[in-house]
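Novice: Dropping the sequence and predicted coords here.
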Amino acid sequence: MTGNAPTAVVRAELTKIRTLWSTLGALALALVVSVGIALINNISVRHAIDTGSDMVVDDFDPVNSGFVGVQFAQLALLAFGVLLISGEYGSGMIRVSLAAVPSRGLFYAGKIASAAAVAFPLSLVMSFACFLTSQQALGPHGVSLGEGEALRAVLGAPLYLTLMCLFSLGVATMLRGTALSLSLLFSVVFVFSPVANAVPGLREVARYLPDRAGSQIMTVGEQADSVLGPWAGLLVLALWTAAALVGGLLMLRRRDA
């Protein structure tokens, strides 16, 4: 490898991503679905508010309502992070990749950089699209980007989604298998975390789970965690992500392809 090896590795990884049409299609679908969910949900919320329905929760905040669709989008981004590495193990292409890039640390860094290069801009577009669509759907009950902590939440959402994508990459590198990695991640994020947060005895633990802590960066008002806060919550997620990525690197170096 020449002096520009890191750039070449990242370029190669981005080329791999462009050839995975099913993966890119899933990410594009996530953008469309998240905006669609945001629109439908907030049309329903506006109707409930206008009719005085008791279905509107007491701690309703239009900013939080803008990220209902974004939460669903993390399904696709978690899967994307997993497939970036587990797909190569499953197909046997990992041997070719490691032969082309003998330095496993450099290979892994290329995976991380390419994942972030795709996840962040996509999440940024998704965040703005969901928020603006939601506020339009809420009509007079919506807020502007300049109101309160709305801008922090909109800019924080792509940070959260990108870190969750990288977290899933680290987990998948440790576990190797697609099914096992997705089962574990989806179980933690969509089953254990919500259940634990609803149980008084487990709530203190739940607030430090990666998804629960990280999502505080896009949560405002009464629904926000007064103990952790947005930036501390994002830091907790960053530590989880760093631990997963380091664990993935250690396993990648120790095991045969």
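Specialist: Arrived safely, thanks for sending. Numbering: from 1, shown residues only.
Novice: Just want the most central residue of the chain.
Specialist: residue 161 (2.6 Å; CA atoms, centre = their mean).
Novice: just checking, that residue touches residue 74?
Specialist: Yes. With the criterion set as CB atoms under 8 Å, residue 161 and residue 74 qualify as a contacting pair; they are 5.7 Å apart. Where you see a C-beta, it was placed from the backbone N, CA and C, and this is true even at glycine.
Novice: Which of the helices or strands spans residue 105?
Specialist: Counting by DSSP states H and E, the element that carries residue 105 is helix 104-138.
Novice: After that helix, which helix or strand is next?
Specialist: Defined by DSSP H and E, the subsequent element after helix 104-138 is helix 150-175.
Novice: mind listing what's buried in whichever helix or strand comes after that following helix?
Specialist: On the C-terminal side of helix 150-175, the nearest following helix or strand under DSSP H and E is helix 178-187. Judged by neighbour count (16 or more other CB atoms under 10 Å), helix 178-187 contains these buried residues: 178, 181, 182, 184, 185, 186.
Novice: Likewise for stretch 38-46?
Specialist: Buried positions in stretch 38-46, judged by neighbour count with 16+ other CB under 10 Å: 38, 39, 41, 42, 45, 46.
Novice: How about stretch 164-180?
Specialist: Counting neighbours by 16+ other CB under 10 Å, stretch 164-180 gives 164-176, 178 as buried.
Novice: cool, and stretch 223-230?
Specialist: Result for stretch 223-230 [16+ other CB under 10 Å]: buried residues 224, 225, 228, 230.
Novice: Report the contact partners of the third one.
Specialist: In this structure, residue 228 makes contact with 207, 208, 213, 216, 236, judged by CB atoms under 8 Å, 6 or more residues apart in numbering.
Novice: The first one now?
Specialist: Contacts for residue 224 (CB under 8 Å, 6+ apart) come out as 216, 230.
Novice: Next one, pLDDT for it please.
Specialist: If you check residue 224, the pLDDT there is 83.
Novice: Can you pull the phi/psi pair for it?
Specialist: Backbone geometry at residue 224, expressed as degrees, to the nearest 10, gives phi -70, psi 150.
Novice: what's around residue 104, how many residues?
Specialist: Each residue near residue 104 was counted by other CB atoms under 10 Å, and the total is 16.
Novice: Isn't it up against residue 252?
Specialist: Yes. With contact defined as CB under 8 Å, residue 104 reaches residue 252; the gap is 5.2 Å.
Novice: Now for the buried residues of stretch 38-46: which two are most distant?
Specialist: Of all pairs drawn from those, the greatest distance, 12.3 Å, lies between 38 and 46 (CB to CB).
Novice: intersection of neighbour lists for these two?
Specialist: Going by CB under 8 Å, 6+ apart, residues that sit against residue 38 and also against residue 46 are residue 137.
Novice: returning to what we had before: looking at the buried residues of helix 178-187, which two lie furthest apart in space?
Specialist: The most widely separated members of those are 178 and 186, with 11.9 Å between them, by CB to CB.
Novice: picking up where we left off before, have a look at the buried residues of helix 178-187 and tell me the least confident one.
Specialist: The member of those with the lowest model confidence is residue 178, at 90 (criterion: pLDDT).
Novice: How many residues are close by the nearest residue to it once chain neighbours are set aside?
Specialist: For residue 178, the nearest residue in space outside its immediate sequence neighbours is residue 86; the separation is 4.1 Å by CB to CB, 6 or more residues apart in numbering. The tally of other residues near residue 86 (other CB under 10 Å) stands at 25.
Novice: picking up where we left off before, what comes up buried for the helix holding residue 105?
Specialist: For helix 104-138, the buried set under the neighbour-count rule, 16+ other CB under 10 Å, comprises 104, 106-116, 118-120, 122-124, 126-135, 137-138.
Novice: Next: stretch 86-101.
Specialist: For stretch 86-101, a neighbour-count test (16+ other CB under 10 Å) marks 86, 87, 88, 89, 94, 97, 98, 101 as buried.
Novice: what's the answer for stretch 206-226, then?
Specialist: Residues 206-207, 209-220, 224-225 are the ones in stretch 206-226 that count as buried (16+ other CB under 10 Å).
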